[in-house]
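> generate a structure from the sequence data that follows.
(one chain, ligands or ions: 1)
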Amino acid sequence: MQKLYYFGMAIKYNGNTKTFYLSGKSFAYVFGVNQFGYLQNYHFGKPVDVADDLSYMFVPVERGLAASIPDSAGRHNGLDTMPLEYPFFGGSDMRHGAFLSVSDTGLRQEDLRYKSHKITKDKPSIKGLPSLRRGGQTLIITLASKAVEVKLFYTVYEDCNTIARRTVIKNIGYKNLKLERVASLSLDLPNMNYDMVSLWGKHCGERHIERAPLRKGIQSVYSLRGASSPHFNPFLALCDPNADERQGNVIGISYIYGGNFLMSCECDFVGGTRIYAGFPDFDFGYNIHKGESFETPETALVFSDTGFGGMSRSYHDLYRGYLINPNFASNPRPIVINNWEATYFDFDDDKLCKIVDAAAPLGIDTFVLDDGWFGKRNSDTSGLGDWYVNKNKLHNGLTTIINRCKDKGMKFGLWFEPEMISEDSDLFRTHPEWRMQVPNAKPSPSRSQYVLNLSRQDVVDYLKQTLGDMLRTHDISYVKWDYNRHITDVHCTLLPPEKQQEILHRYMLGFYELVEYLTTTFPHVLFEGCSSGGGRFDPSMLPYFPQHWTSDNSDAWARTFIQYGTSLCYPLSSMAGHVSVCPNHQTGRNTPLESRGIMASLCAFGYELDISQMSDHERAIVKTQIEVYRRDISPLILNGDLYRLKSPFEGNLVNNSFAFLVVSKDKQKALLAYMQGTSECSPAPKTLKLDGLNPRQKYKLSRVHFDPATKNRKPLGGFPSAYTDSFDTIALSGSTLMSCGVPLPSFGWDFGAVMYLVEQV
Ligand code: GLA
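As a prediction, the model looks like this:
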């Protein structure tokens, strides 16, 4: 009888064949100890029969120029093409290994062979680093050379088709061992017939999708900026060349770390692919003395046989269920009004109170005071580090504005940029040595500011105290935590020369210690992450920051690209989206208020404009947006399944659009959001096939009229627009909606958008 995967037995070991079987809902990951004692990968993909010995999968072949290890039959096996679980430098493997070190004796070659393994019921946590919670069965394999032990951790999240992997290195034999390259995860796949998908970006244009077939050699994404950065996200996917949103095999790799990283695919001369996810080998070095260990961050490896849609839904469930701070993960988020784009640095109590007064009756529940409330901060050239109120601006401290919020039944949120320091600040005048700086060299400013050296314990302790005091003495329910530059001038006078390459990792450990302290000491405060928008939007932030400002670019059309790309790995509830004014402050573009609301409400929702300046008509739209968001949209954003129906990355300027469908877990409700790019005369009819519904269930679609004026709006020349709501009242079955689709409106103006509620009847 076939013994396919069944729940509760995520990890099995066959002692006869020395094979490990890791399985989830629809995948299997199989590897074993081969005759040389090396861990060899046999399969990662669709489920297999756990009774089968898969070692037949690797056929040793003699090849020219290969160094080899003869086996008992006298055949020559080269490590240079063998699919290995944790390859190391030296031996006959000439690809880039997962591990490279140098000992105080000068030895660099660690021959890491299988020593032992154990399977635990729970998942041991990682010291000082964020990681997935409540893991089930975990396989821990120990590999060892004479002086080094490497433990490989595999935890299976069966319902999310995920394996969490990480590595612990222990120095058992040398006085000192310097790690120069360490992977959390290394994975050898038997072929290179994949496209590689990555998320590249920039300030105001984060996480755009790039897809290209793998080619021989190394292709990678990385950061050397001290933060994960908007330039490459620590995420990769490999997919079948024909994989799309609905079908095809996709492997996702998401590295749970916010500092420097390297994720690469190395395709060798026989067409195998080696994946590396870990610390970069440029400017990384970590010393461990005899008896000490080093723990890597964790990596979430997902397999989907239902295309990118399946992969993303697994990540969304995984991160909502096991990574995002559980105090907030599935609870309704505050609907905020943020004053940044309304006032920038130019505000006083009067201006702020006017915004609060105008926001409260519309249903907004939290006012967030952004940059400029502290120190001598009247522009971005001064004040960072001085986390006490600027009484020249706010004469009564924060009391007036907090009381006004309370009077209006609203909560209060505050902006901080704790990791930074301005030269013109009291903090710098008192502690110039706390700035990240190379001695006797002029450090590089960025936005006129510098980075505090969080690799120092005294800096971390000071920030715990200072921020803690602010949160203890004020009624603050929400913190926006910004980080507006990257790290240069990396040096720490407290560390000896041989430890200078540890600084950026030590910085991250200091950062995690700080945010762990603050989020556990103030569990009721929602911390939102931000880094010039979405500049540090990575999985390691989610345990502390359930949501992150997605981009400084709040233009609704630009957001279709950013939110589409971000959703590949991150749940909608982790993105913050705000409605801002037009012309948009970043792109100069005009988009309808209705469209801005629809795009922002696919996120943790809010506003970033001067509501007190809005017309009555606009305020009525805002009121409807908030009512509908709270009642119908928010539950789906927090817990629903995302189906990406139309990518803005496909199509040209005229014929371009975006569509998301979010379906409740019980498939009774859904919301469909569609946005058109630039408008077109005499447009062709467009339909959109829905997905993820119950085929046997009847549904009714109703359009949400946020702006009553657009219902009958015609293009300026009076030409008719193909603008249909004809199916508004018809009940259709899920199968029909998924097979035939629904007709879409064509707007006679640019960037029109529409939202439908899909409800079971
Ligand atoms: C960054 C953030 C903005 C705003 C400014 C304030 O750019 O992304 O939202 O908070 O800082 O200086």
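> give me the residue from the stretch 51-200 of the chain nearest the ligand.
Here the stretch 51-200 of the chain gets closest to the ligand at one residue, Leu199, 18.5 Å apart by CB to the nearest ligand atom. To be clear about C-beta, it is placed using only N, CA and C from the backbone, and glycine gets the same treatment.
> same thing with the stretch 101-250 of the chain?
For the stretch 101-250 of the chain, CB to the nearest ligand atom, closest residue to the ligand: His203, 8.4 Å.
> ditto for the stretch 251-400 of the chain
Counting by CB to the nearest ligand atom, the stretch 251-400 of the chain gets nearest the ligand through Asp371, at 3.4 Å.
> local confidence estimate at that residue?
On the pLDDT scale, Asp371 is placed at 98.
> does Phe89 touch Arg95 like I think?
No - checked against CB atoms under 8 Å, the pair Phe89 and Arg95 is beyond contact range at 10.1 Å.
> now the host helix or strand of the residue of the stretch 51-200 of the chain closest to the ligand: buried residues?
Assigned by DSSP states H and E, Leu199 belongs to strand 195-202. By neighbour count on 16 or more other CB atoms under 10 Å, the buried set for strand 195-202 is Asp195, Met196, Val197, Ser198, Leu199, Trp200, Gly201.
> residue numbers of this structure in contact with the ligand?
Trp340, Asp370, Asp371, Trp415, Asp482, Asn484, Cys530, Ser532, Gly533, Trp549, Asp552 (CB under 6 Å from any ligand atom).
> for those residues, which one is nearest the ligand?
Asp371 (3.4 Å).
> isn't that closest one right up against Trp415?
Yes - with contacts counted by CB under 8 Å, Asp371 reaches Trp415, the gap being 5.3 Å.
> mutual contacts of the two, please.
Trp340, Asp482 (CB atoms under 8 Å, 6 or more residues apart in numbering).
> what segments of the stretch 451-600 of the chain are helices?
Using DSSP state H, counting those that start in this stretch, the helices of the stretch 451-600 of the chain run over residues 457-473, 503-521, 556-566, 593-600.
> among those, which is nearest Ile169?
Across the helices of the stretch 451-600 of the chain, Ile169 has its closest neighbour in helix 503-521 (13.2 Å, CB to CB).
> list the buried ones in that closest one?
Those would be 503-515, 517-519, for helix 503-521 by 16+ other CB under 10 Å.
> and stretch 732-751, by the same measure?
Using 16+ other CB under 10 Å as the test for burial, stretch 732-751 gives 732, 734, 736-738, 742, 744-751.
> give me the contacts around the lowest-mean-pLDDT helix or strand in the chain.
The weakest-scoring helix or strand in the chain, judged by mean pLDDT, DSSP states H and E, is helix 708-711 (a mean of 73). The contact list for helix 708-711, computed with CB under 8 Å, 6+ apart, reads Pro592, Glu594, His617, His705, Gly752.
> and the second one, what pLDDT?
In other words, Glu594. Note for Glu594: predicted pLDDT of 96.
> contacting residues for it?
Glu594 makes contact with Ile621, Phe706, Asp707, Thr710, Ala753 under the criterion CB under 8 Å, 6+ apart.
> now do the residue lying closest to the first one once chain neighbours are set aside: how many residues are near it, please.
Here the nearest residue to Ile621 in space, its sequence neighbours aside, is Asp707; by CB to CB, 6 or more residues apart in numbering that works out to 4.9 Å. By the criterion of other CB atoms under 10 Å, Asp707 has 19 neighbours.
> what about Asp707, distance to the ligand?
Going from Asp707 to the ligand by CB to the nearest ligand atom, to the nearest Å gives 26 Å.
> what of Gly588?
In terms of CB to the nearest ligand atom, Gly588 sits 18 Å off from the ligand.
> count of residues packed around that residue?
Gly588 has 9 neighbours, counted by other CB under 10 Å.
> swap in Lys12?
The tally of other residues near Lys12 (other CB under 10 Å) stands at 18.
> surely it is in contact with Ala28?
No - if you go by CB under 8 Å, Lys12 and Ala28 don't touch, sitting 10.2 Å apart.
> overlap in contacts, those two.
Tyr21, Val50.
> one step back: farthest-separated two in the contacts of helix 708-711?
So, the contacts of helix 708-711 by CB to CB: farthest apart are His617 and Gly752, at 17.4 Å.
> quick one, which of these two is more surrounded?
Gly752 (24 against 11).
> now do the contacts for the more buried one.
Contacts of Gly752 by CB under 8 Å, 6+ apart are Pro592, Ser595, Met675, Gln676, Ser679, Thr710, Pro745.
> in strands, which of these appear?
Those of the contacts of Gly752 mapping onto strands are Met675, Gln676, per DSSP state E.
> could you point out which of the contacts of Gly752 is nearest to the ligand?
Ser595 (20.9 Å).
> picking up where we left off before, partners of the next helix or strand after the least confident helix or strand of the chain in the sheet?
As assigned by DSSP H and E, the chain's next helix or strand after helix 708-711 is strand 731-733. Taking DSSP bridges as the criterion, strand 731-733 forms sheet pairs with strand 698-703 (antiparallel).
> which residues are contacting the strand it pairs with?
Applying CB under 8 Å, 6+ apart, the contact partners of strand 698-703 are 670, 672, 693, 725, 727-734, 737, 742, 754-761.
> one more: stretch 400-415?
When contacts are defined by CB under 8 Å, 6+ apart, stretch 400-415 is touched by residues 334, 336, 338, 340, 349, 352-353, 356-357, 359-360, 364-371, 373, 394, 398, 470, 474-480, 482, 526, 528.
> what's the ChimeraX line that selects buried ones from those?
Selection of buried members from these for ChimeraX, criterion 16+ other CB under 10 Å:
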select :334,336,338,340,349,352,353,356,359,360,364,365,366,367,368,369,370,371,373,394,398,470,476,477,478,479,480,482,526,528
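> got a list of what the residue sitting nearest the centre point of the chain touches?
Nearest to the geometric centre of the chain sits Asp538, at 3.6 Å (CA atoms, centre = their mean). Neighbouring residues of Asp538 by CB under 8 Å, 6+ apart: Ser228, Asn233, Pro234, Tyr255, Ile256, Tyr257, Gly258.
> just these now: which is nearest Arg631?
Nearest to Arg631 among the contacts of Asp538 is Asn233, at 32.8 Å by CB to CB.
> what's the nearest residue to that closest one if we skip its chain neighbours?
Using CB to CB, 6+ apart, the nearest residue to Asn233 is Leu199, at 3.9 Å.
> that neighbour and His231 touch, don't they?
No - counting by CB under 8 Å, His231 is not a contact partner of Leu199; they are 9.8 Å apart.
> neighbouring strands for the helix or strand that Ala28 is a member of, and are they parallel or not?
In the assignment (DSSP H and E), Ala28 maps to strand 27-33. Strand 27-33 sits in its sheet next to strand 19-24 (antiparallel), strand 39-45 (antiparallel), going by DSSP bridges.
> mean neighbour count and distance to Pro571 added to these, as a markdown table?
Below are the strands paired with strand 27-33 laid out as a markdown table (neighbours: other CB atoms under 10 Å; distance: least, CB to CB, whole Å):
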| stretch | mean neighbour count | distance to Pro571 |
| --- | --- | --- |
| strand 19-24 | 23 | 19 |
| strand 39-45 | 21 | 24 |
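> same list (these) but as TSV, adding mean pLDDT and distance to Ser580.
Formatted as TSV, the strands paired with strand 27-33 follow (pLDDT from 0 to 100; distance: least, CB to CB, whole Å):
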stretch	mean pLDDT	distance to Ser580
strand 19-24	95	41
strand 39-45	96	44
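> dump those strands into TSV; add distance to Arg63 as well.
What follows is the strands paired with strand 27-33, written out as TSV (distance: least, CB to CB, whole Å):
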stretch	distance to Arg63
strand 19-24	26
strand 39-45	17
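> Gln676 reaches Gly651, doesn't it?
No - counting by CB under 8 Å, Gly651 is not a contact partner of Gln676; they are 10.5 Å apart.
> let's verify Arg333: helix, strand, or coil?
Arg333 falls in the coil class when you classify it by DSSP: H, G, I helix; E, B strand; the rest coil.
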